[in-house]
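Engineer: need a structure here:
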Amino acid sequence: MNQPTTEMTKSKEEILGNIKKTYRIKPVTAIIVLILTAFAILLFFGEVIQFVRKLTSNFDDALFALFFAWILGFGLYVVIWRFFNSRKINKELFPKIEQFISKSEEKSYDETETEVNEMVKVAYKDYTVKYNKMKKNYWNFI
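Structural biologist: Predicted coordinates:
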């Protein structure tokens, strides 16, 4: 059972390489996000504990601690949401792009690049809209 394999040309491999270079989450970035997230979680729980401790003695400081905990918590939610959704999109997007590029033998480099960029825009459109809405809510609250 011989199946015809379609090889991507070198110039079309560059399209996939450029997309991956732009949208791929690098391991160093993942480690930095993980460390900063752990630090922010510790700060968040520290502020919640401060809120509980100061609730009976100093109400103003307790409200400030609650406000700071809220900002940290919402910021953590936004960062974690953004990180995991972009990873999920990339896991689904890169194989589809690779398959699309390998099937588009008769198309020119420019046509293929334009269609791949449109695929990326469509994949990230909903993500970008939701992220911008959350970011706007976060800064409006502050």
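
Engineer: isn't Thr112 right up against Glu106?
Structural biologist: No - the criterion here is Cβ atoms under 8 Å, and Thr112 misses it with Glu106 at 9.9 Å. C-beta: built from backbone N, CA, C; applies to glycine.

Engineer: If you count surrounding residues, which of those two has more?
Structural biologist: Neighbour count, other Cβ atoms under 10 Å: between Thr112 and Glu106, Thr112 has more, with 22 against 7.

Engineer: secondary structure class for that one?
Structural biologist: Following DSSP: H, G, I helix; E, B strand; the rest coil, Thr112 is assigned to helix.

Engineer: Which residue ranges of this structure form strands?
Structural biologist: Applying DSSP state E to the chain gives no strands.

Engineer: in it, which helix or strand is least confident?
Structural biologist: Counting by mean pLDDT, DSSP states H and E, the chain has its least confident helix or strand at helix 10-23, which shows a mean of 77.

Engineer: With Leu16 as the reference, measure out to the closest residue to Val78 other than its chain neighbours.
Structural biologist: Excluding the flanking residues, the one nearest Val78 by Cβ to Cβ, 6 or more residues apart in numbering is Met134, at 5.2 Å. Met134 is 30 Å from Leu16, where distance means Cβ to Cβ, to the nearest Å.

Engineer: do Gly46 as well
Structural biologist: Separation of Gly46 from Leu16 (Cβ to Cβ) stands at 45 Å.

Engineer: Between the two, tell me which one has more neighbours.
Structural biologist: Between Gly46 and Leu16, Leu16 has the larger neighbour count (other Cβ under 10 Å), namely 18 against 14.

Engineer: Let me know whether the more buried one touches Gln99 as I believe.
Structural biologist: No - applying Cβ under 8 Å, one finds Leu16 not in contact with Gln99, separated by 10.3 Å.

Engineer: Give me the longest helix you can find in the chain.
Structural biologist: The residue-count maximum for a helix in the chain (DSSP state H) belongs to helix 59-103.
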